[in-house]
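>>> prediction below, plus the sequence it came from.
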Amino acid sequence: MKFAVLVFPGSNCDIDCYKAVEEAVQEPVDYVWHTATDLSAYDCILVPGGFSYGDYLRCGAISRFAPVMNEVAKAAEEGKYILGICNGFQILTEANLLPGALLRNTSMKFRCHDTVLKVVNNQTPFTNDFELNEEIVIPIAHGEGNYYCDEETLKQLQQNNQIVFTYKDNPNGSLADIAGISNVRGNVVGMMPHPERAVSELLGSADGKRMFTSILKAWRDTHGTASVR
């Protein structure tokens, strides 16, 4: 399996994602610049956190038009795994690969601390190593993490089991305590918390590691290869 970590001007969690793949699954991983026009070599694309293009206009609003995002959309259509983290989640909503939007935290403050998440859907390629309703510790670091969508969209998210994670103690005002969602197909997930910063107990939690082992496990199951140890 091969991972791509996208890099936009202003990305600051790309190295974290790269190191998390190395630590969690020891699979090949490349940095891919935002001008790339071919992602066909990759099975999973990580859209990292940071402040792409300085968050000018609106978080993710400029990155959404980067050439590589056309390829991300194609990869999503092909069923490849796409994970957007923090600013990556914002980019995926701006690109209409996920519904809704991320607004300013209701506190109007940047929040940076551990959060407890509830695994609401463990049937995605990103969460199959978790137990349903399991509580996990994953850090956040954002100023615009307040997830919002209209009533009809929320109803669809709930009916289609697209809400993947919720906060135990909502840190940003997100609608229905939403911390992460998927597309209908389940191969695209966006989340504000940072699993790549929780792959070792030395970092305070290793709960994020299972997101990466889940991805590898799903890919191996699809390709008929040996399961993750």
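That came through, no problem.

>>> alpha carbons only for contacts and neighbour counts from here, please
Fine.

>>> show me where the chain has its strands.
Along the chain, the segments classed as strands by DSSP state E run 3-7, 29-33, 44-47, 81-85, 101-103, 111-119, 135-142, 146-148, 163-167, 178-182, 188-191.

>>> could those go into JSON lines alongside mean neighbour count, distance to G54 and mean pLDDT?
Listed next are the strands of the chain as JSON lines, based on neighbours: other C-alpha atoms under 10 Å; distance: least, C-alpha to C-alpha, whole Å; pLDDT from 0 to 100:
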{"stretch": "strand 3-7", "mean neighbour count": "25", "distance to G54": "13", "mean pLDDT": "98"}
{"stretch": "strand 29-33", "mean neighbour count": "17", "distance to G54": "16", "mean pLDDT": "98"}
{"stretch": "strand 44-47", "mean neighbour count": "26", "distance to G54": "16", "mean pLDDT": "98"}
{"stretch": "strand 81-85", "mean neighbour count": "26", "distance to G54": "16", "mean pLDDT": "98"}
{"stretch": "strand 101-103", "mean neighbour count": "21", "distance to G54": "16", "mean pLDDT": "98"}
{"stretch": "strand 111-119", "mean neighbour count": "18", "distance to G54": "18", "mean pLDDT": "98"}
{"stretch": "strand 135-142", "mean neighbour count": "20", "distance to G54": "13", "mean pLDDT": "98"}
{"stretch": "strand 146-148", "mean neighbour count": "22", "distance to G54": "19", "mean pLDDT": "98"}
{"stretch": "strand 163-167", "mean neighbour count": "25", "distance to G54": "27", "mean pLDDT": "98"}
{"stretch": "strand 178-182", "mean neighbour count": "26", "distance to G54": "23", "mean pLDDT": "98"}
{"stretch": "strand 188-191", "mean neighbour count": "28", "distance to G54": "20", "mean pLDDT": "98"}
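
>>> so where's the protein uncertain?
226-229 (pLDDT under 70).

>>> what about the longest helix in it?
The helix that spans the most residues within the chain, counting by DSSP state H, is helix 209-223.

>>> how close does the residue nearest to T124 when sequence neighbours are not counted sit to N121?
Counting by C-alpha to C-alpha, 6 or more residues apart in numbering, G186 is the residue found nearest to T124 once chain neighbours are left out, at 5.6 Å. Distance of G186 to N121, given as C-alpha to C-alpha, to the nearest Å: 10 Å.

>>> ditto for S174
18 Å.

>>> one more: I215?
Distance, I215 to N121, by C-alpha to C-alpha: 14 Å.

>>> which of these two has more residues huddled nearby?
Between I215 and N121, counting by other C-alpha atoms under 10 Å, I215 is the more crowded of the two (26 against 22).

>>> ok, that one touching N122?
No - taking C-alpha atoms under 8 Å as the definition, I215 is not a contact partner of N122, at 11.8 Å.

>>> shared neighbours of G186 and N121, anything?
Here G186 and N121 share the contacting residues Q162, scored by C-alpha atoms under 8 Å, 6 or more residues apart in numbering.
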